[in-house]
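Peer 1: quick one: sequence and predicted model below, then my questions.
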Amino acid sequence: MRVAGWHPGRTITTCMIGFAYACGTQPSDIPPNEVVPTPEQVDYQRMELIGFIHFTVNTFTDREWGFGDESPGVFNPTELDARQWVSVAAEAGMKELILTAKHHDGFALWPSLHTEHSVKHSPWRNGNGDVVAELFAASEEHDLKVGLYLSPWDRNHADYGTPAYLQYYRDQLRELLTGYGDVTEIWVDGANGGTGYYGGANEERRIDRETYYDWETTFALVKSIQPHTLIFSDAGPDIRWIGNERGFAGETNWSMLNRDGVVIGAADQAYLNTGDPNGDDWVIPLCDTSIRPGWFYHADQDDDVKTPQELIDIYYRSVGRNCVLLLNMPPDQRGLLHMNDVRALREFKRILDETFANNLASHKPVQADNHRGNHDYFSPSNLVDQHLDSYWATDDGILRAALEIDLGETVFFNRIMLQEPIRFGQRIAAFSIEARVDNEWMQVAQATTIGYKRLLRIDGVEADRVRIVIERANNVPALSNFGLFRASHAETER
């Protein structure tokens, strides 16, 4: 989005420890693009991997979407332990957990003052439980952030489809945003309207998705209570859906989007999947998928948990394509994550750590055909200094460039990583990677966008030099990080 108060171009005169420049006055940063992320959006993107907890009465009725007529009495997890959820998530490398505080069935996982359809009328904790509170408490132990999903569609509430329901929905949002602590994210999806219990009406209710919810008023309420909370929906304003639930972003993926015309629940999925290089708003792309076929726990899916290799593939197609990956992990009827899910997550993280433990390009000599002002602050060596905030950039008007890394010896690699300093905007639209093999240069990869992070999987090559060729950019190109890696053999095992 177009942001006031975010000034990546200001001059800094303090010493930045570990960067490729010395303490003292440094030149101004590169001019930012017209559309840049907020600091909160930059921090969010750097999390890379977050988790979803789908848990409600559906867990006990073996359904994906509750009708709204479920008795609170069915909700009775015998061993619920949010600390287990958080511990597993942290071990897997997740930095945030989003909880379905209320799904389409309308059952509130906290003792809401605005409905009787909640945990306060369940046998769990003798009606004194609060899942939201337990998640917040557990998350503090592992320094995990917390997000909340409050379904816009409520198949239980008698007023759904009328203006009175909007007040109810906002009252519940206010409860969640004022009663528990910092909420990193509010999650809104597009499942709205249809058949439901609706307080006993047992009928079908349709709404106009473009006008009924008056989303801008609701979003303004969220920001008025917690200004730093980011909001997810098809249309953002801060985070956008990627257009599918398989966890895959497009090969080309811009963080920019034109929010005008994107209707929550009826968006152009192809547009969401690639973003818009000419978009007026910065809306972080988020890939969501579940570790199981369903979003809620079903015992007959215990043997259908995604393999670690499938999760790795999703990681490359999401985080590796300028997205944050939101992976759902549904607790079972005990209120615990099933061991099949836990084992898959542990092996997924082990493989990732093994693959990316050793950057073969780290601190190797780098040369560029242009670097801004020939100043060390923009030195090509910033690409391999292991500091995400330092960066290389070209002089004004230079939109094509090449950088060469001398590996010092012949090494084998089959994974490539590039990152842009996105606080200045997303710039690179086309690039290629060349490798010198037996004194002959050969192209080993070609792609379009980079953004926060681009991961490329290639057939393995043995090379002593590597060249990055930037072929097209919308402004002065800049890169903050580059890596070469050798994938773990476990990545392709089945």
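Peer 2: Structure received.

Peer 1: the nearest residue to residue 120 once chain neighbours are set aside and residue 97, how far apart?
Peer 2: Nearest residue to residue 120 in three dimensions, chain neighbours excluded: residue 111, at 4.1 Å (Cβ to Cβ, 6 or more residues apart in numbering). Placement of C-beta: from N, CA and C, glycine included. As judged by Cβ to Cβ, to the nearest Å, residue 111 and residue 97 stand 20 Å apart.

Peer 1: domains in the protein, as residue ranges please.
Peer 2: Using automatic domain parsing, the domain ranges for the chain come out as 39-356, 366-492.

Peer 1: mean pLDDT and distance to residue 26 added to these, as a markdown table?
Peer 2: Putting those into a markdown table (pLDDT from 0 to 100; distance: least, Cβ to Cβ, whole Å) gives the following:
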| stretch | mean pLDDT | distance to residue 26 |
| --- | --- | --- |
| domain 39-356 | 97 | 20 |
| domain 366-492 | 97 | 5 |
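
Peer 1: before we move on, the earlier item: of residue 111 and residue 97, which one has the most company?
Peer 2: Comparing residue 111 with residue 97 by other Cβ atoms under 10 Å, the one with more neighbours is residue 97, at 27 against 20.

Peer 1: quick one, what contacts that one?
Peer 2: 50-53, 85-86, 89, 135, 139, 144-147 (Cβ atoms under 8 Å, 6 or more residues apart in numbering).

Peer 1: nearest to residue 463 among the residues you listed?
Peer 2: Closest approach to residue 463 among these (Cβ to Cβ): residue 50, at 35.3 Å.

Peer 1: confirm the residue nearest to residue 120 sits in a strand?
Peer 2: No - counting by DSSP: H, G, I helix; E, B strand; the rest coil, one finds residue 111 to be coil, located in no strand.

Peer 1: so it is in contact with residue 133, correct?
Peer 2: No - when contacts are counted by Cβ atoms under 8 Å, residue 111 is not listed as touching residue 133 (9.1 Å).

Peer 1: what number of residues lie near residue 358?
Peer 2: Per other Cβ under 10 Å, the neighbour tally for residue 358 reads 12.

Peer 1: hmm, I was thinking of residue 482
Peer 2: Counted by other Cβ under 10 Å, the residues lying close to residue 482 total 24.

Peer 1: just checking, what packs against the helix or strand where it lies?
Peer 2: In the assignment (DSSP states H and E), residue 482 maps to strand 481-485. Packing contacts for strand 481-485, counted by 3 or more Cβ pairs under 8 Å, 6 or more residues apart in numbering; DSSP states H and E, involve helix 339-356, strand 401-419.

Peer 1: would you turn those into TSV with distance to residue 68 and mean neighbour count?
Peer 2: Compiled in TSV, the helices and strands packed on strand 481-485 are given as follows (distance: least, Cβ to Cβ, whole Å; neighbours: other Cβ atoms under 10 Å):
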stretch	distance to residue 68	mean neighbour count
helix 339-356	28	18
strand 401-419	45	18
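
Peer 1: who wins for proximity to residue 444 among these?
Peer 2: strand 401-419 (8.0 Å).

Peer 1: can you pull the contacts of the residue nearest the centre of the chain?
Peer 2: With distances taken as Cα atoms, centre = their mean, residue 324 lies nearest the centre of the chain, 2.3 Å away. When contacts are counted by Cβ under 8 Å, 6+ apart, residue 324 is found next to 44, 45, 47, 48, 49, 50, 239, 284, 285, 286, 287, 318.
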